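**Student:** Okay, predicted coordinates and the sequence, questions at the end:
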2 protein chains.
Amino acid sequence: MTTNARLATPVMAAPVMVPDHRHLGACAHCDARPHSVCNAVPAVDMARLAAASTTGIAQPGTCFVEEGAKADAFFNITAGTARLFKLLPDGRRQIMGFAGVGHFIGLAVSSTFTFSAEAIDHVHYCRFSRPRLRALLDDFPAMEQKLLEVTSSELVAAQEQMLLLGRKTARERLASFLIAESRHNAGCHLPRRQFALPMTRGDIADYLGLTIETVSRTLTRLRHEGLIEIPSAGDVVILDRDGLERLAEGLT
Amino acid sequence: MTTNARLATPVMAAPVMVPDHRHLGACAHCDARPHSVCNAVPAVDMARLAAASTTGIAQPGTCFVEEGAKADAFFNITAGTARLFKLLPDGRRQIMGFAGVGHFIGLAVSSTFTFSAEAIDHVHYCRFSRPRLRALLDDFPAMEQKLLEVTSSELVAAQEQMLLLGRKTARERLASFLIAESRHNAGCHLPRRQFALPMTRGDIADYLGLTIETVSRTLTRLRHEGLIEIPSAGDVVILDRDGLERLAEGLT
DNA sequence: CGAGCAATTGAGACAAGTCAAAGCTGGTGG
DNA sequence: CCACCAGCTTTGACTTGTCTCAATTGCTCG
């Protein structure tokens, strides 16, 4: 039995709500716009978009979406990073992913959220009530199309993670994770040789279906094998990308 | 290392293609229609729908979608069941799910399929070429909306499976699986007490991230504990639904 | 400088995997 | 109609990768 007693009991956020009606052009300068479904709305209709949403900030460690709660709104992250996770009653946690700038959360057919979202650092978000989002989607089919694309991509990523969780060894999981992180946020650039891991070992463990100890041990082993370097706990350098990629695919 | 040497090397199907242009009303009588995204197309436009697709049959054990192949078409299953899976180079297999009547396959943003689909029994399907589907979706926004709903639901299911694969024990996985199967195909009825498992132990194992032996042993254990009965390898009776559900959620 | 938390490392336990040997079952052909 | 084969399933004995428990180290911040 894998009981993670270390779980932080999720604290519900007391969000700072800022109605955006004063600055109808807010969306036009949004940092998230280029990475978000919002860019499916033409520039002319920015005011319409801004009017449909309110913004808020979730403090580090607070949940702004809770599994099981009424799914009455959708969130678009404009700054910061959140962990998305599900819990078992005894505290075992599975992290579904990390949501960064531009990530859309809460697209549920069901009436309740199926996972929780907790701010890692200060998370800024836009909040769309369900009826308002529905109205937007009806008016801008391009946005619905974009949303379908994004959701499909997430499904593909989820299936890749299912392969990882169901069939890969601890070494392979870490290799896959590091390769993915090295590409993450690299934008149109090449995957990076060095990069930061903003999450804790506990987060990595709960994302990869392992324990903290196994994550730590496995990273040390990859280091001893000369595949990576770890300047500090939060930073990684990839020394042998080919080797790491082969490992991630299950070869050797 | 979890090497599944038992893998059947996927055989590419030699599909029986039947252009449907002679019977423009085919879609109106389709068994899959009530369960499929196609029902978003109004009855008046059935001919349009039928013209956009061709039908085919995949023989048991053949793949009609192959991971890595060009994703030039979408499939809608009208009869039979297929397993959707990903493979690692050494043969380890993870089944993403079982696709039955009405299931839509191949909605990829990427240009290649990200998993394979193999017929378990005789699978009848409708095939839509990519451009034709795009045209349909543009003409019938309701279909795109329906597709988004379906994709969202699949994402929710995939995340539930990630929790199972990452954090549940073998007993909990089997309990979750049996509960899910008992609801499956029950339609609007109550979950069934007795039901068939159309897939092999190997399929169940590869779906739950376990081995055949563990699946078998765990089922016998659940039987000895009085939670289930197994009249034959392909049939299950749930004796203690509450107990099984509690187990599936990780309690006890 | 020391409290508090995250990360590492070690030793031993255990759940699930591996290897191997029987049972079952359903289909085929003599 | 039955013997036989082939594939699936079950069961047993043993191995092992990962988890658990526990101690230590390292880092950050008041």
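**Tutor:** Looks like it arrived, so ask away. Note that this is a predicted model, so its numbers are computed, not measured. Residues are numbered from 1 along each chain as shown, chains lettered A, B, ... in the order given.
**Student:** For stretch A:123-139, C-alpha coordinates in CSV please.
**Tutor:** What follows is stretch A:123-139, C-alpha atoms only, in CSV (Å, rounded to 0.1, in the frame of the first residue of the first chain):
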residue,chain,number,x,y,z
VAL,A,123,-1.2,31.8,-10.1
HIS,A,124,-3.1,34.5,-12.1
TYR,A,125,-6.1,33.3,-13.9
CYS,A,126,-9.1,34.3,-15.9
ARG,A,127,-12.4,32.9,-14.9
PHE,A,128,-15.3,32.3,-17.3
SER,A,129,-18.7,31.3,-15.9
ARG,A,130,-20.1,28.3,-17.7
PRO,A,131,-23.0,30.1,-19.4
ARG,A,132,-20.7,32.9,-20.5
LEU,A,133,-18.2,30.5,-22.0
ARG,A,134,-21.0,28.7,-23.8
ALA,A,135,-22.1,32.0,-25.3
LEU,A,136,-18.6,32.8,-26.4
LEU,A,137,-18.2,29.4,-28.0
ASP,A,138,-21.5,29.8,-29.8
ASP,A,139,-20.4,33.2,-31.2
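**Student:** Give me the distance from it to the chain's centre.
**Tutor:** With C-alpha atoms, centre = their mean, to the nearest Å as the basis, stretch A:123-139 stands 19 Å off its chain's centre.
**Student:** Check stretch A:101-114 too.
**Tutor:** Offset of stretch A:101-114 from its chain centre (C-alpha atoms, centre = their mean): 12 Å.
**Student:** and if you look at stretch A:177-192?
**Tutor:** For stretch A:177-192, the distance to the chain centre is 15 Å (C-alpha atoms, centre = their mean).
**Student:** cool, stretch A:35-52 as well?
**Tutor:** Distance, centroid of stretch A:35-52 to centroid of chain: 22 Å (C-alpha atoms, centre = their mean).
**Student:** Just after the least confident helix or strand in chain A by mean pLDDT, pick out the following helix or strand.
**Tutor:** Confidence across the helices and strands of chain A bottoms out at strand A:18-19, with a mean of 52, counting by mean pLDDT, DSSP states H and E. Per DSSP states H and E, the first helix or strand lying C-terminal to strand A:18-19 is helix A:46-51.
**Student:** In terms of helix, strand or coil, where does residue A:138 fall?
**Tutor:** helix (DSSP: H, G, I helix; E, B strand; the rest coil).
**Student:** ok now do residue A:173, which residues does it touch?
**Tutor:** A:164, A:165, A:208, A:209, A:210 (C-beta atoms under 8 Å, 6 or more residues apart in numbering or on different chains). C-beta: built from backbone N, CA, C; applies to glycine.
**Student:** can you narrow those residues to ones near DNA strand D?
**Tutor:** Among these, the residues within reach of DNA strand D (C-beta under 7 Å from any atom of the strand) are A:209, A:210.
**Student:** Pick the one among the contacts of residue A:173 closest to DNA strand D.
**Tutor:** For these, the residue nearest DNA strand D by C-beta to the nearest atom of the strand is residue A:210; the value is 4.1 Å.
**Student:** Excluding sequence neighbours, find me the nearest residue to that closest one.
**Tutor:** Closest residue to residue A:210 apart from its sequence neighbours, by C-beta to C-beta, 6 or more residues apart in numbering or on different chains: residue A:170 at 5.7 Å.
**Student:** could I get the contacts of residue A:173 as JSON lines with neighbour count?
**Tutor:** Below are the contacts of residue A:173 laid out as JSON lines (neighbours: other C-beta atoms under 10 Å in any protein chain shown):
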{"residue": "A:164", "neighbour count": "23"}
{"residue": "A:165", "neighbour count": "23"}
{"residue": "A:208", "neighbour count": "24"}
{"residue": "A:209", "neighbour count": "24"}
{"residue": "A:210", "neighbour count": "22"}
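**Student:** can you tell me which of the contacts of residue A:173 are in helices?
**Tutor:** The members of the contacts of residue A:173 that map onto helices under DSSP state H are A:164, A:165, A:208.
**Student:** Helices along chain A, start to end?
**Tutor:** Counting by DSSP H, the helices of chain A are A:46-51, A:130-139, A:141-167, A:170-183, A:201-208, A:212-224, A:241-249.
**Student:** Would you mind finding the most buried of the ones you listed?
**Tutor:** helix A:201-208 (a mean of 22; mean count of other C-beta atoms under 10 Å in any protein chain shown).
**Student:** for that helix, packing partners?
**Tutor:** If you count contacts as 3 or more C-beta pairs under 8 Å, 6 or more residues apart in numbering or on different chains; DSSP states H and E, helix A:201-208 packs onto strand A:93-99, helix A:170-183, helix A:212-224.
**Student:** what angle do the shortest one and helix A:170-183 make?
**Tutor:** When you say that, I think you mean strand A:93-99. 20 degrees (axes from the mean of the first three to the mean of the last three C-alpha atoms, to 10 degrees).
**Student:** Great, nothing more from me.
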